[in-house]
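> Prediction below, plus the sequence it came from.
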Amino acid sequence: MNYKFCMTLALAAALFSTGCATKTTYVDNDSSRLIANVDEINIQDFARAADEMVQSIIEDCISTGDLEGVDGKKPILAISRIVNNTSMQFDTDLLIKRIRTALLKTRKVQTTTTLNLAKSEDPLAEMADAEEEIITEERMKHSYSLSGKIIEVTTRTRNLRQSSYEFQLTISNRRGLVVWEDIKTITKQGKKASVGF
Amino acid sequence: MKTLFSTMIVTALLAASLLSEGCATKSMNTVQNAQTEGIPMMVMDQRILTDPSLSRSVYIVGVNEAYTEDGYRKVQVQLYNRTRRMKAFTYRVEWYDKDGMLIGSPLDHRTPTQIEGGQRKSIPILATSPKAVDFRFTFMESLAK
C-alpha cells in the first residue's frame, strides 16, 4: 500500500513537472512572433530601420552617383559618431553593422574596419595598415563618413504607453558637407510587452 | 403604463444612439489629381490567397515597378482596404536572383503596419542587392490583439 502510494505520487509528480516545464522554441528573425516591447528597441526594429536606411542610401546617394571615390576607386565610408539618446543601453552596431554589411554587398562602396571614430574594429588590420603607411608613405583616407543619432520620445495616457524611436543618419564628405541624410521613425504603442506583432 | 412605455422607448433609442457612436467605424476619404501624369509600369502578378478576411481588408490592387539610375529594382504594391475598419497586418519582401535563389540579408524582417478603412496605401520597396530580379511579397494578419 505504502509502495503503491509512493509510486503513484512519483508518477504524478513526474507528469506534472513535464507539463509545467517551460519550452524553448527557435523563432525566425523575420517572424511576426518575435517579442515586441513598447519601451525597448527590439531586434526587428533595428533590422527594419537599417533596411529603410539602406534603401534610402542606394536610391538617393549611390544610384545618383553622389558617392565618388578617388582616382576612380570605390569611395571609402568610415563610421563616425553614432549617439544613443535613448533610455536603453544597446550596442549601436545592431544598426550600423547591418547597414555596413548591406552597403558592402552593393559593391559600390568600400567600408573599413580601421578608419572609424571608435576603437578600431580589427586591431590586426590596423597594425598592418600602419606598417603599410610607413612603407608607402601614403595614409589611407576615408572619402565619406556615416554619423547619426537615435532619439527616444515617449508619451503616455492613463492606460497606454507610446514610444517613438527616431533614427537619424547622415553621410558627409571630408569637409563635412552632407551628401545624404534621412530620418526613420518607429513608433510603438501598448500596455506591456507582447509576443507577436 | 403609457408613461412607462414611452420612457422605455426613449431610453432604448438613447442607448442605441450612444452605442452606435462608440461602435462607429471610420474610413478614409481620398482626393487626388484626376489626370495623373505619372505612368506606372504595372507588373503581371501571381496571387496565392489563403486568408479571405485579410484579402478583403488588404486587397492587392496591383504591383508596379521601376528601376533606379543604377539598375536597382524597385517595386510598389498598391493596397486597398475594402472594409470600413482599420486592419493591422505585417508584410515581408523576399528577393530572388536570376537563378531563382533567395537573396538572404541581415536586413530581413517583417514590417508591421496598418491600413485604415477605405484607405489606398502604397508600399514601395527597393532591392538592396543588385542581383535581385524577382520578388515575393507576403502579407499576414497582425498577431497582436
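That came through, no problem.
> who's in contact with the host helix or strand of B:Q78?
Here B:Q78 sits within strand B:73-80, counting by DSSP states H and E. Applying Cβ atoms under 8 Å, 6 or more residues apart in numbering or on different chains, the external contacts of strand B:73-80 come out as A:59, B:40, B:43, B:58-68, B:91, B:93, B:115, B:119-127, B:132-133, B:135, B:137. Every residue, glycine included, has its C-beta placed from N, CA and C.
> Extract the CA atoms of it and return them as PDB.
Presented in PDB, the C-alpha positions along strand B:73-80 are these (Å, rounded to 0.1, in the frame of the first residue of the first chain):
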ATOM      1  CA  ARG B  73      14.800  47.200 -59.000                       C
ATOM      2  CA  LYS B  74      12.100  48.900 -57.100                       C
ATOM      3  CA  VAL B  75       8.600  47.600 -56.700                       C
ATOM      4  CA  GLN B  76       5.500  49.100 -55.300                       C
ATOM      5  CA  VAL B  77       2.400  47.200 -54.100                       C
ATOM      6  CA  GLN B  78      -0.800  49.100 -54.100                       C
ATOM      7  CA  LEU B  79      -3.300  48.000 -51.400                       C
ATOM      8  CA  TYR B  80      -6.900  49.000 -50.800                       C
END
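> Spell out which parts of chain A neighbour chain B.
A:29-33, A:36, A:44, A:47-48, A:50-51, A:54-55, A:58-59, A:62-65, A:97-98, A:101-102, A:105-108, A:190, A:194-197 (Cβ under 8 Å from any Cβ of the partner chain).
> Selection in PyMOL covering whichever of the residues you listed are buried, please.
Per 16 or more other Cβ atoms under 10 Å in any protein chain shown, the buried members of the residues of chain A next to chain B correspond to this PyMOL selection:
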select buried, chain A and resi 30+31+32+36+44+47+48+50+51+54+55+58+59+62+63+97+98+102+105+106+108+190+197
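> Mind checking which of the residues of chain A next to chain B land in helices?
Within the residues of chain A next to chain B, residues falling in helices by DSSP state H are A:44, A:47-48, A:50-51, A:54-55, A:97-98, A:101-102, A:105.
> backbone phi and psi for A:E131, please?
The phi and psi values for A:E131, taken as degrees, to the nearest 10, are phi -60, psi -40.
> brain fart, A:Q168
Phi and psi for A:Q168, reported as degrees, to the nearest 10, are phi -120, psi 120.
> Could you give me the buried positions within the strand holding B:Q78?
B:73-79.
> just to revisit the earlier point, what would the ones in helices among the residues of chain A next to chain B look like in JSON lines with pLDDT and distance to A:D182?
What follows is those, written out as JSON lines (pLDDT from 0 to 100; distance: Cβ to Cβ, whole Å):
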{"residue": "A:Q44", "pLDDT": "94", "distance to A:D182": "19"}
{"residue": "A:A47", "pLDDT": "94", "distance to A:D182": "16"}
{"residue": "A:R48", "pLDDT": "95", "distance to A:D182": "14"}
{"residue": "A:A50", "pLDDT": "96", "distance to A:D182": "12"}
{"residue": "A:D51", "pLDDT": "95", "distance to A:D182": "12"}
{"residue": "A:V54", "pLDDT": "96", "distance to A:D182": "10"}
{"residue": "A:Q55", "pLDDT": "95", "distance to A:D182": "9"}
{"residue": "A:K97", "pLDDT": "95", "distance to A:D182": "18"}
{"residue": "A:R98", "pLDDT": "95", "distance to A:D182": "15"}
{"residue": "A:T101", "pLDDT": "94", "distance to A:D182": "18"}
{"residue": "A:A102", "pLDDT": "94", "distance to A:D182": "14"}
{"residue": "A:K105", "pLDDT": "91", "distance to A:D182": "19"}
